[in-house]
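[1] got a sequence here, can you model it:
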Amino acid sequence: MKITLIIPCFNESRILPKTISRLMQIMNEVADYTLLFVDDGSTDDSWELLTKSAQQNPKISAIRLSRNYGKEAALCAGLEKAEGDAVIILDSDLQHPPEIIPEMINFWRQGYDIVEGVKQSRGKESFFSKLSAKIFYGLFKKFSGHSLDNASDFKLLDRKVVLAWRQFKERDTFFRGLSAWMGFKRIVIPFIVQDREDGKSKWSFRKLLRLSISAITGFSAKPLLIVPLLTFILLIFCIILAVQTLINWCLGHAVEGFTTVILLVLLIGSAIMISLSMIALYIANIFNEIKDRPRYLISEQLNLTNDK
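    Residues are numbered from 1 along each chain as shown. As a prediction, this is how the structure comes out:
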């Protein structure tokens, strides 16, 4: 049995030597393995370091993407190149504790197809980050029906799960959501997010917002129901306003001026803009998908026999 560890990285040259050392120390005691690093267009010397490591150790392989496509694309590249009987996905910054990997492998050997690492604690995150995550996971559960509370990308996938993943054709993927949608026999392992030993998170607010919108609109059409809902609310409001205006006119108390008209125009305009924005998000997703461009392009690869 061989395990492939998929480790996406972007400008992590300062932590990579320690990551490689920790992973090899743990994996040497539990199973035959390959460390598959996916360099997501790093601009530091990460690729040079990986090249040197791969030349010195055949258990280390690496893929270099032609530019920075984002973590989701890097995960797809790793999953499409992985050759192990099972794969383990973890971050290169050691915030996913490698020490629980032997436990994940034990559960896999017991027959589980997916072993999920779930955050018992989110570590030293800001209040805003924790609040944003809670709001996103709440909305995702409401719209898609899948609970991802405290979910992470730290997972073990059996070979048949990886092969099933490769059947997905969409360009914009959301790994956590798709892995939940796939089903299979699974078990959860809680873990505490470790402090970053070097560097800082590469996730900006813009990237997180884009991923959140893509994840929700890619999994459910329920947000489009906001359009008829707004229309119904606006209709009820207009009926009430019309009845009130008619009664005041009959009683001779009609108010002069344009206040009512202005408020009504603003309300209708807001409802129209919200509806158009919601529709535009889905049209943008459709546009990106029908272009049928590849999720990523590979510029170089090391110690890999799978050239697909």
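
[2] list the buried ones in stretch 287-299?
    Within stretch 287-299, the residues scored as buried using 16 or more other Cβ atoms under 10 Å are 295, 296, 298. The way it works is simple: take the backbone N, C-alpha and C, and place the C-beta from them, glycine included.

[3] repeat that for stretch 67-85.
    Going by 16+ other Cβ under 10 Å, stretch 67-85 has these buried residues: 68-82, 84-85.

[4] domain parsing of this structure, as residue ranges.
    2-219, 222-290 (automatic domain parsing).

[5] now do the longest one, average pLDDT.
    It refers to domain 2-219. In this model, domain 2-219 has a mean pLDDT of 80.

[6] quick one: that domain to chain centroid distance?
    Its chain's C-alpha centre and that of domain 2-219 lie 10 Å apart, by Cα atoms, centre = their mean, to the nearest Å.

[7] what of stretch 229-242?
    38 Å.

[8] now it: average pLDDT?
    On average, stretch 229-242 scores 74.

[9] packing partners of the helix or strand hosting residue 227?
    Using DSSP states H and E, residue 227 sits in helix 226-250. Judged by 3 or more Cβ pairs under 8 Å, 6 or more residues apart in numbering; DSSP states H and E, the packing partners of helix 226-250 are helix 259-290.

[10] could you give the mean pLDDT of the helix it packs on?
    Mean predicted lDDT for helix 259-290 stands at 74.

[11] which non-adjacent residue is nearest residue 158?
    Residue nearest to residue 158 in three dimensions, not counting chain neighbours: residue 113, with 4.3 Å by Cβ to Cβ, 6 or more residues apart in numbering.

[12] count the residues that sit near the one you found.
    20 (other Cβ atoms under 10 Å).

[13] same check on the one 4 residues further on?
    In terms of burial, residue 117 registers 25 neighbours under the definition other Cβ under 10 Å.

[14] can you name every helix or strand that the helix or strand hosting it contacts?
    Secondary structure from DSSP H and E places residue 117 in strand 114-121. Packing contacts for strand 114-121, counted by 3+ Cβ pairs under 8 Å, 6+ apart, involve helix 101-109, strand 155-158, helix 175-182, strand 186-192.

[15] so who does residue 36 touch?
    Contacts for residue 36 (Cβ atoms under 8 Å, 6 or more residues apart in numbering) come out as 4, 5, 6, 7, 61, 62, 63, 78, 81, 82, 304.
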